[in-house]
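> Prediction below, plus the sequence it came from.
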Amino acid sequence: MGAERKWRFAMVCSSNMNRSMEAHSLLGRAGLDVASYGTGTHVKLPGPSLHEPNVYDFGTPYGAIYDDLRRKDPDLYKRNGLLPMLKRNTSVKLAPQRWQDNASDGVFDMILTFEERVFDLVVEDMNNREPRLMRSVPIINMDVKDNHEEAGVGAKLALDLCQKLEGVDGDWEEIIDDLVAAFEKQHKRKLTYSISFY
């Protein structure tokens, strides 16, 4: 019999656009309590060339970014998947949020990142916060390439991992090593994790 307590999950990538939002969307549809964030300085999306990205501030509504890109070059941004991605994002939440600005969002039971650099920034941010509750939280990284196809695969793996954690009877710290090892063996994906405190 699984645990009765409902976990609260945070999905984190660089811009809170693709990987974290695909996972946020899937986990939300599955009935999990989830939020998502990015760790970058700005939200960066591909532009007409490598040297001309589209850059937005965190907090800029997904709908406004969608309208801006549709105005700039609807064919390009439909073809490269940005417009469909932004349309999905508008159905999940209003705007991209920055992890480092989220302290007032409350406590999460597990934080999942989708690249090592993002993992390092989240761990650093949590270590810089003053622990008040002395409540432990696992921060887990699963590297997922930042493209639409891999984001879909990563979201399904994130859902499986979160459901496994939420189903743990008792203390997750007792079984985290075994759970990670079993997940890695089943899915052939390497996970890294750290434990921090609220």
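Great, that's in hand. Quick caveat: nothing in here was measured; it's all calculated off a predicted structure.

> going forward, measure contacts and count neighbours with C-alpha atoms only.
Will do.

> What's the local residue count around residue 186?
9 (other Cα atoms under 10 Å).

> helices or strands up against the biggest helix by length in the chain?
Scanning the chain for the helix with the most residues, using DSSP state H, yields helix 148-166. In terms of contacts (3 or more Cα pairs under 8 Å, 6 or more residues apart in numbering; DSSP states H and E), helix 148-166 is packed against helix 19-29, helix 172-187.

> Please export the C-alpha coordinates of that helix as PDB.
Extracted C-alpha coordinates of helix 148-166, given in PDB (Å, rounded to 0.1, in the frame of the first residue of the first chain):
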ATOM      1  CA  HIS A 148      10.900  18.600 -28.000                       C
ATOM      2  CA  GLU A 149      11.300  14.900 -28.500                       C
ATOM      3  CA  GLU A 150      13.700  14.400 -25.600                       C
ATOM      4  CA  ALA A 151      11.500  16.600 -23.400                       C
ATOM      5  CA  GLY A 152       8.600  14.300 -24.000                       C
ATOM      6  CA  VAL A 153      10.700  11.200 -23.100                       C
ATOM      7  CA  GLY A 154      12.100  13.100 -20.000                       C
ATOM      8  CA  ALA A 155       8.600  14.000 -18.800                       C
ATOM      9  CA  LYS A 156       7.500  10.400 -18.900                       C
ATOM     10  CA  LEU A 157      10.600   9.400 -16.900                       C
ATOM     11  CA  ALA A 158      10.000  12.200 -14.500                       C
ATOM     12  CA  LEU A 159       6.400  11.000 -13.900                       C
ATOM     13  CA  ASP A 160       7.600   7.500 -13.200                       C
ATOM     14  CA  LEU A 161      10.200   8.700 -10.800                       C
ATOM     15  CA  CYS A 162       7.800  11.000  -9.000                       C
ATOM     16  CA  GLN A 163       5.200   8.300  -8.700                       C
ATOM     17  CA  LYS A 164       7.700   5.900  -7.300                       C
ATOM     18  CA  LEU A 165       8.800   8.500  -4.700                       C
ATOM     19  CA  GLU A 166       5.200   9.400  -3.800                       C
END
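
> Much appreciated, bye for now.
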